[in-house]
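Q: Give me the fold of what follows.
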Amino acid sequence: MKPNILIITADQQRYDCIGYSKQYPVQTPNIDKLAEEGVWFTNAYTPIPICAPARQAFLCGRRPETFGALWNYGITLDIPALSPEEYTWVREIKERGYNTSFIGKWSGHPVHGPEKYGFDHYVGLRNYHDFRSKKYPDLEYKKGWMGEVDPVPCEDNVSHWLAGKAISRIKEYAKENSPWHVRLDFPGPHLPCRPSREFADMYDSRNIPPWPSFTENFHNKPYIQKQQLYTWDIENFTWDDWRDTVALYYATITEIDHAIGKVLETLEDTGQAENTIVIYTSDHGDMCGSHRMIDKHYIMYDDVVKVPLAIRWPQMISPGMIIDEFICHFLDIPATLLDILGMDIPDFFSGRSLVPLFHGEKVEGWRTEAVATYNGQQCGLYTQRMIRNNEWKYIWNTTDIDELYDLRNDPHELYNVINEEENQGIVKELRRKLYEILLREGDGLVKSHWMRNQLLNNKKINFPRQA
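A: Sure thing, here's the model as predicted:
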């Protein structure tokens, strides 16, 4: 019997703000239980830390640059999105008998909805806003990007309303004799965070520890990073200015976790838990005050490129597995699902199946690094390419100073050591490896003579900058 597939995706969920990561005091008992009953990945990375391109890559299994999805559509400078004529693995499994449903935040295309990409059924954020405006016509938010408590009761906040729609769909599918795929995409904890009162009350902002990177002074860092503080009018924020927002971020994550618990209960109650692959992850992380910054733009810190990933499927995955290999989650999951279903994995996929790792196998040639990309957004074009292994992170900023972080001695990426003479050998090696991966996976940025010259012939000038 083919397994059901439930994919739950949060928006801008940091890896270190899940209880199972054991790094910050965020309460996520249901996600933790999911990880305990399945596998938790300690090195899962996004292909690109921007919502729409990342999610489009998830649909087609390719790096977003290969089909023109460079940044979020609808903000500045129109760019392509994934065309409905492009391949999607959802359409593939639908053609093989799966019922398919998309519930939540859609970032696939500004005009075409999920139905054009293989989903039979769609409930989106517009449906929620219609519900909310009718039931609570006089409620308004007042505090902007830094967030506030949502005045509506728990059952009517966006997280639980969307979870309720997923629950209804799962119950309907339980009556049918066909496998199903439900995709549940929460809009949180993307800023502004607006949790309901019962979750906000769980966190006293006075007890929220500062991010270790909050001491950032931007010495020897690319210009754009410090500029972002001025762009957002937060250049003078202290931790006292940030702590309430971070508490709201924590609370929104706990709210989402509570809603996920309701969905998982439904799987148990309908007898579908044993034959359902459940995946929890995020498109990317959020700065939320780390390095004194907001949102996710123009940086490649682990705060935004490292993501949580838990997968449970009792028929294949032993409880309590921990996988430390580097994973590109939105590229590897499509290959994994097709592999599980015995379907051919397209040659153009950028990712690899995780199935051998589920069996505890040491896979020859498995990647020893994570690669992520960035191309700019509403504050201007700015190309970055990142390669990270267990010891070093190199960031190629094509129009500014590059970055190199010694992760063993500087895990919070505060000190850029790109200019240290003793590091030039590792810089050269990481540039070569980055070039090879980007070229193999179809990133056009490295195809010109000028860009090859920067990476392969060491023609990239880096020099010290003052804060």
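
Q: Which helix or which strand is home to F102?
A: Using DSSP states H and E, F102 sits in strand 99-104.

Q: next one: R91
A: Per DSSP H and E: helix 89-94 holds R91.

Q: Low-confidence bits of the chain, can you list those?
A: The model of the chain has pLDDT under 70 over residues 464-467.

Q: Now do the strands in it.
A: Under the criterion DSSP state E, strands of the chain are mapped to 4-10, 39-41, 44-45, 99-104, 121-124, 180-185, 276-282, 309-312, 321-323, 327-328, 370-377, 380-388, 392-397, 403-406.

Q: Mind giving me the packing neighbours of the second one?
A: When contacts are defined as 3 or more Cβ pairs under 8 Å, 6 or more residues apart in numbering; DSSP states H and E, strand 39-41 packs onto strand 309-312, strand 321-323. In short, each C-beta sits where N, CA and C put it, glycine included.

Q: for those strands, which one sits closest to K447?
A: Closest to K447 of these is strand 309-312 (Cβ to Cβ; 30.8 Å).

Q: hang on, the earlier thing: dump the strands of the chain into CSV; add distance to P356 and mean neighbour count as well.
A: Listed next are the strands of the chain as CSV, based on distance: least, Cβ to Cβ, whole Å; neighbours: other Cβ atoms under 10 Å:
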stretch, distance to P356, mean neighbour count
strand 4-10, 19, 24
strand 39-41, 13, 24
strand 44-45, 16, 25
strand 99-104, 27, 25
strand 121-124, 33, 18
strand 180-185, 23, 24
strand 276-282, 16, 24
strand 309-312, 14, 24
strand 321-323, 11, 16
strand 327-328, 13, 24
strand 370-377, 19, 22
strand 380-388, 22, 20
strand 392-397, 26, 24
strand 403-406, 30, 22
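
Q: Now render these as a markdown table, adding distance to K143.
A: Formatted as a markdown table, the strands of the chain follow (distance: least, Cβ to Cβ, whole Å):
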| stretch | distance to K143 |
| --- | --- |
| strand 4-10 | 22 |
| strand 39-41 | 35 |
| strand 44-45 | 32 |
| strand 99-104 | 24 |
| strand 121-124 | 25 |
| strand 180-185 | 25 |
| strand 276-282 | 24 |
| strand 309-312 | 32 |
| strand 321-323 | 39 |
| strand 327-328 | 36 |
| strand 370-377 | 23 |
| strand 380-388 | 27 |
| strand 392-397 | 33 |
| strand 403-406 | 33 |
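
Q: V152 touches Y136, doesn't it?
A: Yes: contact criterion Cβ atoms under 8 Å: V152 and Y136 qualify, at 5.9 Å.

Q: Could you check which of these two is surrounded by more residues?
A: Taking neighbours as other Cβ atoms under 10 Å, V152 and Y136 compare with V152 leading, 18 against 14.

Q: need the contact list for the more buried one.
A: V152 makes contact with 132, 136, 139, 196, according to Cβ atoms under 8 Å, 6 or more residues apart in numbering.

Q: quick one: which of those is nearest to V158?
A: R132 (8.0 Å).

Q: rewinding a little: to H359, which of the strands of the chain lies closest?
A: strand 321-323 (10.1 Å).

Q: Partner strands of that closest one and their direction?
A: strand 39-41 (parallel) (DSSP bridges).

Q: could you point out the longest helix in the protein?
A: Secondary structure of the chain per DSSP state H: the longest helix is helix 239-269.

Q: That one - contacts with which helices or strands?
A: Using 3+ Cβ pairs under 8 Å, 6+ apart, helix 239-269 is in contact with strand 4-10, helix 29-36, helix 158-174, helix 197-200, strand 276-282.

Q: got the ones you listed as JSON lines, with distance to T383 columns?
A: Formatted as JSON lines, the helices and strands packed on helix 239-269 follow (distance: least, Cβ to Cβ, whole Å):
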{"stretch": "strand 4-10", "distance to T383": "26"}
{"stretch": "helix 29-36", "distance to T383": "34"}
{"stretch": "helix 158-174", "distance to T383": "34"}
{"stretch": "helix 197-200", "distance to T383": "38"}
{"stretch": "strand 276-282", "distance to T383": "23"}
